[in-house]
Each structure stands twice: as C-alpha cells, then as structure tokens.
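S.K.: next come a sequence and a model predicted from it.
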Amino acid sequence: MANIGFIGLGNMGTPMAANLVKAGHRVRGYDVNTAALQNLTSIGVEVAANASEAARGADVVITMLPAGEHVREVWLHQGGLIEAVKDAAPLLIDCSTIDVESARIVTEAAHNAGLDMLDAPVSGGVGGAVAATLTFMVGGSDAAFVRGLPILQAMGKNIVHAGGPGAGQAAKICNNMMLAINMAGVCEGFLLARKLGLDWDRLFQIASASSGQSWALSNYCPAPGPVPAAPSNRDYAAGFMAALMLKDVKLSQAAADAVGSPTPLGAHAMSLYQAVVDVGNGAKDFSVVFRWLESQPRQ
C-alpha cells in the first residue's frame, strides 16, 4: 500500500482517487474548490487543508489540474510542492493535459531537486476514470516509469511509456487533435446522409463495418440513435466537454506553430470547437459539434 497525495479532485480526479483507494492505497486529497471536497470521505479519501498537507509524507504525489499555469503554480511557485516534498523523495506524477514546455520545465525542476517525475495525461473521459479503464500516455525516465506503473495501473487499463519528459503531453495533444478532426468528419457524414435521405442506422451499419469505421463513429456516434450509450442520446451530456477539446486542440496548434508542422485540419477543427463554445455549449460533450453543424447554412 502506498500513501498518495492527490491534488485536483474534479470530474476526473475524484474517480481516479477513488480507484486508488479501491486498490488499497491511502489517499489524501485537496482541491481549491471546497465543493469538490465534500464527498471525498464517502469514497475513502482523506481531506487535506491545502496541497502541502495532501503531499506531506506521501510516497506518490499526483496532480490533475486544468492547465499549464496551474501545474507550474502548484509545483514551482506559491504551491512550491517540489521544494516541500524533496526530502521525502516521493514519485511525482502530473496527469493534467498541458503544454509540452510546461511539462518539461516542471520535470526539470523535479530532477534538479533529486525527484523522479512523470507527465501522464489520460484519455478515456469521465467514464474511463470511473471504470479505471483510462489510457495513460506517459513521459519520463525508464526508472520513473517502472516506479509509477503500479499506481497508474490502479486507475487505467492501457499504460504506454511514450518517451522522455514531455512525451506524454505530446502524445495526448496529437491524439486529441486527431479525434477532434475525426469527430467533425463523422458529423458531416451523418448530416449529409440525412440530406440525401439515408437512414442513420443504415449508415452506421455500413460505415462501422467499412473504411469509414472509427472510434468516434463506433463508440461516440454524434448522431442520436445508432449508439445508445453515446452522449448524443443524452442531450450531449459530457463525457469529455467541448471546452476541454477546444483547450487540447489549441495546445496542438501552439505546438504545431512552435515546431513548424502543418496542421490545416487541426486548425479548422479548432475553429469549429471555438464556435461550439462561443454559443454556450462548452459544458456539453464535444460530440455536440454535430448539433452546431446541423444549425449552420451551407457555405
């Protein structure tokens, strides 16, 4: 059993922490949103008064935070967790989805303090977090990965060592850019099918067994009907919010600009998700881009 400090207990962090408890670990958690702390004791997570208290005496410290600035703040600046925990030498794991540069800056600071650190963003949404079936894309040294693997396995099903520091974040933003593009394509195909008088269930039956098959189609079909468990059949209740997809695609475009990689479809997908968020659907599932496209006139 490990003592684990967990900072960032939102929609993803809370079920992840709960699964660590189920695996037999002792978890002490903290979140700046006090409302997020109210139900932690019911799932076996101890509540800390601040981030430093959550990390004190921990064998592993995990963060799950909104953006790069929050990660830098907690580990390097006023939070100062690297300085606070360096004598105890815990393994540090950041599961946030952030920019590659921030991940590398924080990992370097940890290394300079004599600490192992992994950047380990996730894929699988809230459903995957609850079911402990997340995919972890992990960046860091071989030794840090071996050390962190049993902890990550308590929260996920697919744990992939992508490479050195920042590689996990690089893999995550590439993956989500591809997903954003793919989802937009599936949406356009189903909207065109309706205009052509084709039944959506028939199109799904054909495309899911043909070259149009994809995860976005088979598991998350944005057209209501063909996939009963998809958010499209629950008024696009979020598994993965459109605002978070926009954030990730923006990260991909910033990275593409930094290294000079052409991503015209990524840029177009970013504009689509920006429009979805701008009309107030940021808290809906990212597949709600279907509803937005449905409302648009032919250009």
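M.R.: On my side now, so go ahead.
S.K.: by contact count, what packs against the helix or strand encompassing residue 270?
M.R.: Take DSSP states H and E as the rule and residue 270 turns out to sit in helix 264-276. Counting contacts by 3 or more CB pairs under 8 Å, 6 or more residues apart in numbering; DSSP states H and E, helix 264-276 packs against helix 167-195, helix 242-259, helix 289-294. Glycine gets a C-beta too; all of them are placed from N, C-alpha and C.
S.K.: which parts of it are buried?
M.R.: Going by neighbour count (16 or more other CB atoms under 10 Å), the buried part of helix 264-276 is 266, 269-270, 272-273, 275-276.
S.K.: and if you look at stretch 115-129?
M.R.: For stretch 115-129, by 16+ other CB under 10 Å, it's 115-126, 128-129.
S.K.: closest to residue 88 among the residues you listed?
M.R.: Nearest to residue 88 among those is residue 115, at 9.4 Å by CB to CB.
S.K.: residue 298: neighbouring residues, count only.
M.R.: 4 (other CB atoms under 10 Å).
S.K.: roughly how far apart are it and residue 100?
M.R.: Using CB to CB, to the nearest Å, residue 298 is found at 38 Å from residue 100.
S.K.: likewise for residue 268?
M.R.: Distance from residue 268 to residue 100, by CB to CB: 22 Å.
S.K.: same thing with residue 249?
M.R.: On the measure of CB to CB, residue 249 and residue 100 end up 15 Å apart.
S.K.: neighbour count: the two, which is higher?
M.R.: When residue 249 and residue 100 are compared for neighbours, residue 249 comes out ahead with 27 against 23, by other CB under 10 Å.
S.K.: pretty sure the more buried one sits against residue 174.
M.R.: No. Residue 249 is not in contact with residue 174 according to CB atoms under 8 Å; the separation is 10.9 Å.
S.K.: can I get the CA coordinates of the helix or strand harbouring residue 137 in PDB?
M.R.: According to DSSP H and E, residue 137 maps onto strand 134-139. C-alpha atoms of strand 134-139 as PDB (Å, rounded to 0.1, in the frame of the first residue of the first chain):
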ATOM      1  CA  LEU A 134      -8.100   5.100 -18.700                       C
ATOM      2  CA  THR A 135      -5.200   5.200 -21.200                       C
ATOM      3  CA  PHE A 136      -2.200   6.900 -19.700                       C
ATOM      4  CA  MET A 137       0.400   8.400 -22.100                       C
ATOM      5  CA  VAL A 138       3.500   8.700 -20.000                       C
ATOM      6  CA  GLY A 139       6.600  10.800 -20.400                       C
END
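S.K.: tell me which strands and helices that strand is in contact with?
M.R.: In terms of contacts (3+ CB pairs under 8 Å, 6+ apart), strand 134-139 is packed against strand 117-119, strand 122-123, helix 142-153, strand 156-163, helix 167-195.
S.K.: other SSEs contacting the third one?
M.R.: Taking 3+ CB pairs under 8 Å, 6+ apart as contact, the helices and strands that helix 142-153 lies on are strand 60-63, strand 91-94, strand 117-119, strand 134-139, strand 156-163.
S.K.: show me what the shortest one is packed against.
M.R.: Here strand 117-119 touches strand 91-94, helix 100-112, strand 134-139, helix 142-153, helix 167-195, going by 3+ CB pairs under 8 Å, 6+ apart.
S.K.: please identify the deepest-packed of those.
M.R.: For those, the largest average neighbour count (mean count of other CB atoms under 10 Å) is found in strand 91-94, namely a mean of 27.
S.K.: quick check: the closest residue to residue 235 other than its chain neighbours vs residue 116, distance?
M.R.: Spatially, and ignoring its direct neighbours in sequence, residue 235 is nearest to residue 284 (7.9 Å; CB to CB, 6 or more residues apart in numbering). Note on residue 284: its distance to residue 116, by CB to CB, is 38 Å.
S.K.: got it, and residue 204?
M.R.: Counting by CB to CB - residue 204 and residue 116 are separated by 46 Å.
S.K.: got a list of what the one residue sitting closest to the centre of the chain touches?
M.R.: Among the residues of the chain, residue 122 comes closest to the average C-alpha position under CA atoms, centre = their mean, at 4.6 Å. Shown in contact with residue 122 (CB atoms under 8 Å, 6 or more residues apart in numbering): 12, 95, 97, 128-129, 134-137, 155-156, 172.
S.K.: got a pLDDT number for it?
M.R.: Residue 122 is assigned a pLDDT of 95 by the prediction.
S.K.: and the helix or strand harbouring residue 73, what does it pack against?
M.R.: According to DSSP H and E, residue 73 maps onto helix 68-76. Helices and strands touching helix 68-76, by 3+ CB pairs under 8 Å, 6+ apart, are strand 60-63, helix 81-85, strand 91-94, helix 100-112.
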